[in-house]
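*Asks:* Structure for the following, please:
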Amino acid sequence: MNQYNNNLGNILITDDEPTFLVSTSELLRKEGYVCDCASNGKDTLQILSAKEYDLLIADIKMPGNSNLELIKEVNDKFPATNIILVTAYPSQQTAIEAVGLKVFSYVVKPFDFKTLIKDIRSATKTSKLTKIVKQTKNNLAQWINEMEYIELALERGKYDMFETSLNSFLSINAEKITEIFDNIRFTANLIADIKPDTDVCDVMRCPKLRELTDGLVQAVNSIEQTKNLYKSKQLGTLRTKLEKLLDET
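*Replies:* Numbers count the residues shown, from 1 in each chain. This next block holds a predicted model:
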């Protein structure tokens, strides 16, 4: 199961009005979200540092955010966390400044909960998408580096180094390969949810995915070529898994 699909999203609500905190958090929990609360900017930053959140719902005028300093700091330290700004006292100056910051949406109290939940769904899914893309990119970069190291060992005839590197690669990446494809499929579904007019098949045929698939084909071919040089049950299992993944794309 994809680690990002365990719940609808983790949300932190920050407001100095207890009534708003309690009522909004309870409504969101009933919708399936995991919600925590804070009443000032200092506590908000501490909570964000201790746990990963998809969305911050923050009041503009409260202790620790009188000049939107909290929003600026969250943008800098937690760029994958989307922000919805809420206020009962909107002003042209704060609205304009909010546009210059990374803010997902701007909501004025009192608001219709159905309107808020629509923004929340899009914001949490976009945050999940950002994290998945980053993780997949890091996994692929690590995978490529390890494959290049194995290739270098072969080219230089250092077969003892090749055996050690290959065993390390097999133990670490067999599950990561499946995770990468799971993330790609989950990403396609998220994009379809965020933009309903997007064809999932078009996403799955995107150039980046095609490039990844080509890389897998090369990996399978490389493993096939080395099977006579290096006998390994793990290597054969990995080749079978890669071929199965390719058949499913």
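
*Asks:* What is the longest helix seen in the chain packed up against?
*Replies:* Ranked by number of residues, the top helix in the chain under DSSP state H is helix 113-155. If contacts are counted by 3 or more C-beta pairs under 8 Å, 6 or more residues apart in numbering; DSSP states H and E, helix 113-155 sits against helix 18-31, strand 55-59, strand 82-87, strand 105-108, helix 159-194, helix 207-226. Every residue, glycine included, has its C-beta placed from N, CA and C.

*Asks:* hey, least reliable of the ones you listed by pLDDT?
*Replies:* Within those, confidence is poorest for helix 207-226, with a mean of 53 (mean pLDDT).

*Asks:* Would you verify that residue 110 is located in a strand?
*Replies:* No - using DSSP: H, G, I helix; E, B strand; the rest coil, the secondary structure at residue 110 is coil, not a strand.

*Asks:* Contact partners for it?
*Replies:* Neighbour list for residue 110: residue 88 [criterion: C-beta atoms under 8 Å, 6 or more residues apart in numbering].

*Asks:* Got the domain ranges for this structure?
*Replies:* What automatic domain parsing lists as the domains of the chain is 3-111, 125-248.

*Asks:* and residue 132, how many residues sit next to it?
*Replies:* 20 (other C-beta atoms under 10 Å).

*Asks:* now residue 101
*Replies:* Neighbour count for residue 101, taken as other C-beta under 10 Å: 13.

*Asks:* what's near enough to touch it?
*Replies:* Counting by C-beta under 8 Å, 6+ apart, residue 101 touches 68, 71-72, 75, 83.

*Asks:* What's the local residue count around the nearest residue to residue 24 once chain neighbours are set aside?
*Replies:* Closest residue in space to residue 24, ignoring its immediate chain neighbours: residue 13 at 5.7 Å, by C-beta to C-beta, 6 or more residues apart in numbering. Neighbour count for residue 13, taken as other C-beta under 10 Å: 23.

*Asks:* And residue 13, what's its pLDDT?
*Replies:* If you check residue 13, the pLDDT there is 96.

*Asks:* repeat for residue 111
*Replies:* 82.

*Asks:* For the residue lying closest to it once chain neighbours are set aside, give me its contacts.
*Replies:* Among residues not flanking residue 111 along the chain, residue 86 sits closest, at 7.6 Å (C-beta to C-beta, 6+ apart). Each residue near residue 86 by C-beta under 8 Å, 6+ apart is listed here: 15, 57-60, 107-109, 111.
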